[in-house]
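Engineer: coordinates only, no sequence provided:
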């Protein structure tokens, strides 16, 4: 069930799925037209899903199928760029990787950003004014806070805090 406010400020409640375990670990952003975009987990099928409202109806898409499902929480973070294209950072609990998906208006591009140990839990993504991604996340192998960005054209990662279990 989706809850959001319309352009008039009224609450809207809609059910997109009525069977299976769908909708957990959701993340939402609002586009320049005021329409909601949501990324979420379909636990029944192990799929990362994405939905957006075009002003009339919902459009539902499968972003990535991670065979065996994904694990832990929260695992998904969504942000829209200046073209209202979605960028999703998420934890692949099968491979223990930080992954990134971006939709360019016609197809999804998926990348494993950090694959060094058990990394990528609890991601948070932001898109800067140049439409570059910035992701903070947890390194479970070393108990560190890490940061990844493609601001320089290619992905780079760094450790932000390694003092204890952060």
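Structural biologist: The structure has been received and is ready for your questions. Computed from a predicted model, the values in this text were never measured in an experiment.

Engineer: mind listing the strands whichever strand or helix holds residue 13 pairs with, and their directions?
Structural biologist: Residue 13 belongs to strand 11-14 when assigned by DSSP states H and E. Sheet pairing of strand 11-14 (DSSP bridges) gives strand 2-5 (antiparallel).

Engineer: so where's this protein uncertain?
Structural biologist: 1-7, 15-24, 66-74 (pLDDT under 70).

Engineer: which residues in it form helices?
Structural biologist: For the chain, helices defined by DSSP state H do not occur.

Engineer: now do the strands in it.
Structural biologist: 2-5, 11-14, 22-30, 36-42, 47-53, 58-65, 76-80, 86-92, 97-103, 108-114, 119-127, 133-139, 144-149, 156-161 (DSSP state E).

Engineer: now mean neighbour count too, for those, in a markdown table please.
Structural biologist: Quick note: C-beta positions are derived from backbone N, CA and C, even for glycine. Below are the strands of the chain laid out as a markdown table (neighbours: other Cβ atoms under 10 Å):
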| stretch | mean neighbour count |
| --- | --- |
| strand 2-5 | 14 |
| strand 11-14 | 10 |
| strand 22-30 | 17 |
| strand 36-42 | 23 |
| strand 47-53 | 21 |
| strand 58-65 | 14 |
| strand 76-80 | 21 |
| strand 86-92 | 26 |
| strand 97-103 | 22 |
| strand 108-114 | 15 |
| strand 119-127 | 20 |
| strand 133-139 | 21 |
| strand 144-149 | 19 |
| strand 156-161 | 12 |
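
Engineer: number of residues surrounding the nearest residue to residue 143 once chain neighbours are set aside?
Structural biologist: With sequence-adjacent residues excluded and distances taken as Cβ to Cβ, 6 or more residues apart in numbering, residue 143 is closest to residue 165, at 4.0 Å. Residue 165 is flanked by 9 other residues according to other Cβ atoms under 10 Å.
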